[in-house]
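Engineer: Need the 3D shape of this:
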Amino acid sequence: MLWVNAHFKTMAEYSSLLSDLSENITNEDLEQLKSACKEDIPEDQSNNITSSKEWFSYLEKNDKLAQDNLSYIEHIFEISRRPDLLTRVIEYRTTVLKISEDDEIDTKLTRIPSAKKYKDIIRQPSEDEIIKLAPPPKKV
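Structural biologist: Okay, the predicted model is just below:
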């Protein structure tokens with residue numbers, strides 16, 4: 001029973017998050033967000049999406065968004081330069097889902113195809129990979 005209550009509380013928090021995000025997405029923003037995910041939304045279907053609620057709904061139906069899977073919209077908000085929206089999503093993830101940035105990094109990179117190429121950039125270089133510079137020449 002406790003799990004069911006927690007599940008409904010999370011669903012309510014998730015609905016509240018989407019509603020909050022929707023209120024902060026203008027029609028112009030929506031066009032930019034749709035453009036940022038044009039690889040995942042066919043153009044004919046993209047043209048039918050006229051509100052942020054429809055956009056979220058489309059993403060949910062196509063397994064790009066769920067109450068416990070926000071990495072796709074985090075990525076879209078990041079590349080669309082919407083730190084305000086990204087911050088709200090990260091806040092939800094860390095407070096409601098209790099998933100920190102560190103916990104998320106590996107799964108985020110495996111779920112977002114375009115982010116895979118950044119995996120090497122994100123990891124710290126080993127001692128052998130760090131280029132050692134010679135000391136500056138001594139002045140005579």
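
Engineer: Could you give the number of residues near Ser22?
Structural biologist: Using other C-beta atoms under 10 Å, Ser22 has 15 neighbouring residues. Where C-beta positions appear, they are placed from N, C-alpha and C, glycine not excepted.

Engineer: tell me the contacts of it?
Structural biologist: Ser51, Ser52, Lys53, Phe56 (C-beta atoms under 8 Å, 6 or more residues apart in numbering).

Engineer: Looking at the residues you listed, spot the one nearest Asp40.
Structural biologist: Each of these was scored against Asp40 by C-beta to C-beta, and Phe56 proved nearest at 13.5 Å.

Engineer: what number of residues lie near the residue nearest to that closest one when sequence neighbours are not counted?
Structural biologist: Leaving aside its chain neighbours, Phe56 sits nearest to Leu18 (5.2 Å; criterion: C-beta to C-beta, 6 or more residues apart in numbering). Here the number of neighbours of Leu18 (other C-beta under 10 Å) works out to 20.

Engineer: Give me the buried subset of the contacts of Ser22.
Structural biologist: Neighbour counting by 16 or more other C-beta atoms under 10 Å classes Ser52, Phe56 among these as buried.

Engineer: Need the contacts of Ser22 in CSV (columns: secondary structure, pLDDT and distance to Asp29).
Structural biologist: Compiled in CSV, the contacts of Ser22 are given as follows (DSSP: H, G, I helix; E, B strand; the rest coil; pLDDT from 0 to 100; distance: C-beta to C-beta, whole Å):
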residue, secondary structure, pLDDT, distance to Asp29
Ser51, coil, 93, 11
Ser52, helix, 92, 8
Lys53, helix, 93, 13
Phe56, helix, 93, 13
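
Engineer: Brilliant, that's me finished.
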